[in-house]
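# Everything below, folded, please.
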Amino acid sequence: QVQLVESGGGLVQAGGSLRLSCAASGRPIGNYGMGWFRQAPGKEREFVAAIRWNGDITVYADSVKGRFTISRDNAKNTVYLQMNGLKPEDTAVYYCGAGRIPVGTLRSKNEYDYWGQGTQVTVSS
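Coordinates of the predicted model:
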């Protein structure tokens with residue numbers, strides 16, 4: 001079992017930045033693909049960014065490409081999401097997921113076995 005805890009969310013003005021962290025425990029995540037997803041009220045959970053188990057491949061949703069950066073530190077069992085140039089439409093609960101996922105399916109939330117409880121990100125205009 002892998003337990004995931006997100007942190008770093010908050011309220012920020014449009015154009016600002018936040019850095020989310022996802023700390024894993026229970027077992028090392030070095031063999032797991034890791035992803036960030038978000039869910040706004042009344043909407044489906046959507047893909048944001050993901051990173052392959054060894055960090056050599058990253059994928060992004062078109063809506064965040066060039067503004068968000070996903071990274072991981074396997075020694076610290078932690079994954080990060082640096083969010084710059086935040087927009088009001090980025091407002092959502094952000095979730096971290098983990099799973100043994102083929103690189104071609106990192107965007108699919110159904111491939112993830114473990115999820116955190118989420119952290120709220122609110123961007124004011």
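# Let me see the ranges of the strands in the chain.
For the chain, strands defined by DSSP state E occupy the ranges 3-7, 10-13, 18-25, 33-39, 46-51, 58-60, 68-73, 78-83, 92-99, 114-115, 119-124.
# May I have the first one as PDB, with CA atoms only?
Right, strand 3-7. Below are the C-alpha coordinates for strand 3-7, written out as PDB (Å, rounded to 0.1, in the frame of the first residue of the first chain):
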ATOM      1  CA  GLN A   3      -0.300   6.500   1.200                       C
ATOM      2  CA  LEU A   4      -0.200   9.900  -0.500                       C
ATOM      3  CA  VAL A   5      -0.500  13.300   1.200                       C
ATOM      4  CA  GLU A   6      -0.700  16.500  -0.800                       C
ATOM      5  CA  SER A   7       0.200  19.900   0.500                       C
END
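# Distance-wise, check Asn74 relative to Ile29.
In this structure, Asn74 and Ile29 are 7 Å apart, going by C-beta to C-beta, to the nearest Å. For every residue, glycine as well, the C-beta is placed using N, CA and C.
# Give me the number of neighbouring residues for Pro102.
As a burial measure, Pro102 scores 11 neighbours (other C-beta atoms under 10 Å).
# repeat for the one 3 residues further on
For Thr105, the count of nearby residues is 13 (other C-beta under 10 Å).
# and if you look at Arg52?
By the measure other C-beta under 10 Å, the count of residues near Arg52 is 17.
# Pull the contacting residues for it.
Contact partners of Arg52, counting by C-beta atoms under 8 Å, 6 or more residues apart in numbering, are Gly33, Thr58, Val103, Leu106.
# Mind checking which residue lies nearest the centre of the protein?
Geometric centre of the chain, nearest residue: Trp36, 2.0 Å, by C-alpha atoms, centre = their mean.
# Thanks a lot, catch you later.
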